[in-house]
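Visitor: Sequence first, then the predicted structure:
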Amino acid sequence: MKFDLDTAWKDTTRLLRGSLGLLAVIAGVFYFLPYFAAVLWIPGLAELSSGQIDTSSAAMEARMNELLSGYWWALLLLFILQSVGLLAMLALLRRRAKPTVAEALKIGARSVWTYLAASILAGFAISLLIILLISVPVAIGLSALAVIGGILAFVGGIYLFTKLSIVSPVIAIDGELSPTRSLRRAWRLTKGNSLRIFFFYFLLFIAYLVISTIISMLISLIFALGGAEAQLFGEAFNGAFMNTLAALLFACVLASVHAQLTRLHERHTDESNRTTG
């Protein structure tokens, strides 16, 4: 059997409805408040997060360099906090032992370093792909090959992202605390279903993009009526709110995808054992 998009969506909405209150508390503490504070405190982060700076401009590059050089530790702390929140939400959603919120938070804090290491390894793999397919041809002056390599790198990056997308539930739900083994398990679970999973993510992204754009416009319009200071506060609130909303949806999506792939994998394993037996 193959990954079913309709089943994944029904599981996602069921998880969201059934645990919305507890998930909202965790997401509020680990996503909304840290992101809201970061946008207000770190200069230029509000413009970058709201897309007010052209991503291809020199101003964008300069602002990114400024953020990374002056506030890298704050951005790293923000990523760690949000990672703990994501892992805790996943543990709360699908752990068979039905942990309490406190126990889920302990799981998130204990497994966050595995998640960080796995993320670094996955990022290294994608970066290596980009270097081999784009940077090397550019360095030796093969512009046409670099263009083809750019297309292949884009497709390959999406493929790797899809294959490794469920590494967080593998860590938080399955309890796998080895970065390399968690990546291998995520790779095995998505085998044969990568294209279907990608389309599921893509459709959800389009729907989220439309809804979030409408909500952001409404929030921005409300705060714009209060003057410059209210508008700055509104940008921070809008960014934090949308970040939190995405985290809630993302956690439920990953939990549902992981659960279905685990069922399919176990069913395939049982059928193989009966055949060989």
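Guide: Yep, that arrived. Numbers count the residues shown, from 1 in each chain.
Visitor: low-confidence ranges in the stretch 151-277 of the chain?
Guide: Flagging of the stretch 151-277 of the chain using pLDDT under 70 yields the residue ranges 272-277.
Visitor: hey, where'd the helices end up in it?
Guide: With helices called from DSSP state H, counting those that start in this stretch, the stretch 151-277 of the chain shows them at 167-172, 179-189, 194-224, 228-276.
Visitor: And the second one, what's buried?
Guide: If you call a residue buried by 16 or more other C-beta atoms under 10 Å, then helix 179-189 has these buried ones: 179, 182, 183, 185, 186, 187, 189. In short, each C-beta sits where N, CA and C put it, glycine included.
Visitor: Number of residues surrounding residue 100?
Guide: 11 (other C-beta atoms under 10 Å).
Visitor: where's it relative to residue 240, distance?
Guide: Residue 100 is 26 Å from residue 240, where distance means C-beta to C-beta, to the nearest Å.
Visitor: Same check on residue 231?
Guide: When distances are taken as C-beta to C-beta, residue 231 and residue 240 turn out to be 15 Å apart.
Visitor: The two: which has the busier surroundings?
Guide: Per other C-beta under 10 Å, whichever of residue 231 and residue 240 has more neighbours is residue 240, with 22 against 13.
Visitor: can you tell me the helix or strand for the spatially closest residue to residue 92 that is not a sequence neighbour?
Guide: Distance criterion C-beta to C-beta, 6 or more residues apart in numbering; nearest residue to residue 92, sequence neighbours excluded, is residue 104 at 4.1 Å. Assigned by DSSP states H and E, residue 104 belongs to helix 101-130.
Visitor: Would you mark the buried spots in that helix?
Guide: Of the residues in helix 101-130, those buried by neighbour count under the rule 16+ other C-beta under 10 Å are 104-105, 107-108, 110-112, 114-115, 117-119, 122, 126, 129-130.
Visitor: of these, closest to residue 33?
Guide: Distances from residue 33 to these, taken as C-beta to C-beta, are shortest for residue 105 (14.7 Å).
Visitor: ok, so what distance separates the closest one from residue 87?
Guide: Counting by C-beta to C-beta, the gap from residue 105 to residue 87 is 9 Å.
Visitor: and residue 212, how many neighbours?
Guide: Counted by other C-beta under 10 Å, the residues lying close to residue 212 total 16.
Visitor: In contact with the closest residue to it other than its chain neighbours, which residues?
Guide: Spatial nearest neighbour of residue 212, excluding adjacent residues (C-beta to C-beta, 6+ apart): residue 242 at 5.3 Å. For residue 242, the contacting residues are 212, 215, 216, by C-beta atoms under 8 Å, 6 or more residues apart in numbering.
Visitor: what's around the closest residue in space to the last one that isn't next to it in sequence, how many residues?
Guide: Using C-beta to C-beta, 6+ apart and skipping the chain neighbours, the partner closest in space to residue 216 is residue 238 (5.4 Å). Here the number of neighbours of residue 238 (other C-beta under 10 Å) works out to 24.
Visitor: Confirm for me that residue 238 is in contact with residue 218.
Guide: No: with contact defined as C-beta atoms under 8 Å, residue 238 does not reach residue 218; the gap is 9.4 Å.
Visitor: And residue 4, its phi and psi?
Guide: Dihedral angles phi and psi of residue 4 (degrees, to the nearest 10) take the values phi -110, psi 120.
Visitor: do you know how far it is from residue 260?
Guide: Separation of residue 4 from residue 260 (C-beta to C-beta) stands at 7 Å.
Visitor: These two: who's more crowded?
Guide: Counted by other C-beta under 10 Å, residue 4 and residue 260 do not tie: residue 260 has more neighbours, with 20 against 15.
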